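Trainee: Kindly return the folded structure for what I paste below:
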Amino acid sequence: MKILIAEDDAVSRRILERTLLKWGYEVTVTPDGIAALAGLQSADAPTLAILDIMMPEMDGLEICRQVRQLSATIPPYLILLTAMSSKEDVVNGIRAGANDYLTKPFDRDELRVRVGVGVQMLKLQRSLSERVRELEAALSQVKQLQGLLPICSYCKKIREDQNYWQKVENYLCERTAVQFSHSICPACYEDVAHERAEPRGRDSARQIAGTREL
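Mentor: Numbering: from 1, shown residues only. Coordinates of the predicted model:
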């Protein structure tokens, strides 16, 4: 994963870069807010950024505000790096669009955990985005039936545009994602069973009549 570092202090910037490289991340380093914003707007922009709040040209809060106005399928995960640790500063950072924050001087273990949380969040967002695309593709393939359908009052066949009559299930299968499994309802079962029983009843009556004649 590619991570952007925006830090005007050379020492802090170098420590962050070496630490993240050691953990296997690809790192892009910028010394000020203008360069950081340009990096987050690029075609291959990093998906996670660590932004110092106090920087020349543009501070970390303004970067967060402008990044959140960009249209992105998966918005970047933003971690603010600040020497200020008051609740008001934290609230302002979250309101500006930051996902998390670290206080300076940062603890390596805390940095690793917070970056790890960001990585997991981005993976979840990417997975959700893929599922949404799959759902949209599936919905685009679903056919819809609209309008008035001419149907026979007796056999229940439907007349299509070419004046050809076909069974309801065939008509629906061709125009929707519906599939049919044929069965028999209780009422029809009784009718069919009754019809099948009648011939046997008549044969039995004939046999009885024939016996009497003998």
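Trainee: which of the residues in the helix ranked longest in the chain are buried?
Mentor: If you go by DSSP state H, the chain has its longest helix at helix 108-141. For helix 108-141, the neighbour count (16 or more other CB atoms under 10 Å) marks Leu111, Arg114, Val115, Gly118, Val119, Met121, Leu122 as buried. Where C-beta positions appear, they are placed from N, C-alpha and C, glycine not excepted.
Trainee: ditto for stretch 65-85
Mentor: Gln66, Val67, Pro75, Pro76, Tyr77, Leu78, Ile79, Leu80, Leu81, Thr82.
Trainee: so how far is that stretch from its chain's centroid?
Mentor: Counting by CA atoms, centre = their mean, to the nearest Å, stretch 65-85 is centred 22 Å from the centre of its parent chain.
Trainee: Check stretch 44-59 too.
Mentor: Chain-centre distance of stretch 44-59: 28 Å, with CA atoms, centre = their mean.
Trainee: ok, now stretch 110-121?
Mentor: 22 Å.
Trainee: contacting residues around that stretch?
Mentor: Under the criterion CB atoms under 8 Å, 6 or more residues apart in numbering, residues 1, 3, 16, 19-20, 23, 25, 48, 50, 77, 79, 99-100, 102 lie in contact with stretch 110-121.
Trainee: Same question for stretch 24-37.
Mentor: Residues outside stretch 24-37 that contact it (CB under 8 Å, 6+ apart) are 1-8, 10, 13, 17, 20-21, 39, 46, 49, 51, 55-60, 62-63, 66-67, 115.
Trainee: quick revisit: farthest pair within the buried residues of stretch 65-85?
Mentor: Pro75 and Thr82 (20.8 Å; CB to CB).
Trainee: Confirm that Leu80 sits in a strand.
Mentor: Yes. Read with DSSP: H, G, I helix; E, B strand; the rest coil, Leu80 is one of the residues of a strand.
Trainee: Break down this structure into its helices, ranges please.
Mentor: 10-22, 33-40, 60-68, 87-96, 108-141, 168-175, 186-213.
Trainee: mind giving me CSV with the ones you listed and columns for distance to Cys152 and mean pLDDT?
Mentor: Shown next, in CSV, are the helices of the chain (distance: least, CB to CB, whole Å; pLDDT from 0 to 100):
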stretch, distance to Cys152, mean pLDDT
helix 10-22, 72, 94
helix 33-40, 64, 93
helix 60-68, 60, 94
helix 87-96, 65, 87
helix 108-141, 30, 88
helix 168-175, 10, 78
helix 186-213, 18, 61
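Trainee: Report the central residue of this structure.
Mentor: Val132 (3.0 Å; CA atoms, centre = their mean).
Trainee: now it: how far from Leu122?
Mentor: Noted for Val132: a distance of 15 Å to Leu122, by CB to CB, to the nearest Å.
Trainee: now Ala187
Mentor: Where Leu122 is concerned, Ala187 sits at a distance of 57 Å (CB to CB).
Trainee: Over to Thr28?
Mentor: 16 Å.
Trainee: Same check on Met54?
Mentor: Met54 is 26 Å from Leu122, by CB to CB.
Trainee: if I pick Gln66, what's in contact with it?
Mentor: With CB under 8 Å, 6+ apart, Gln66 has these contacts: Leu37.
Trainee: Could you break the chain into its assigned domains?
Mentor: Here the domain assignment for the chain is 2-139, 158-213, based on automatic domain parsing.
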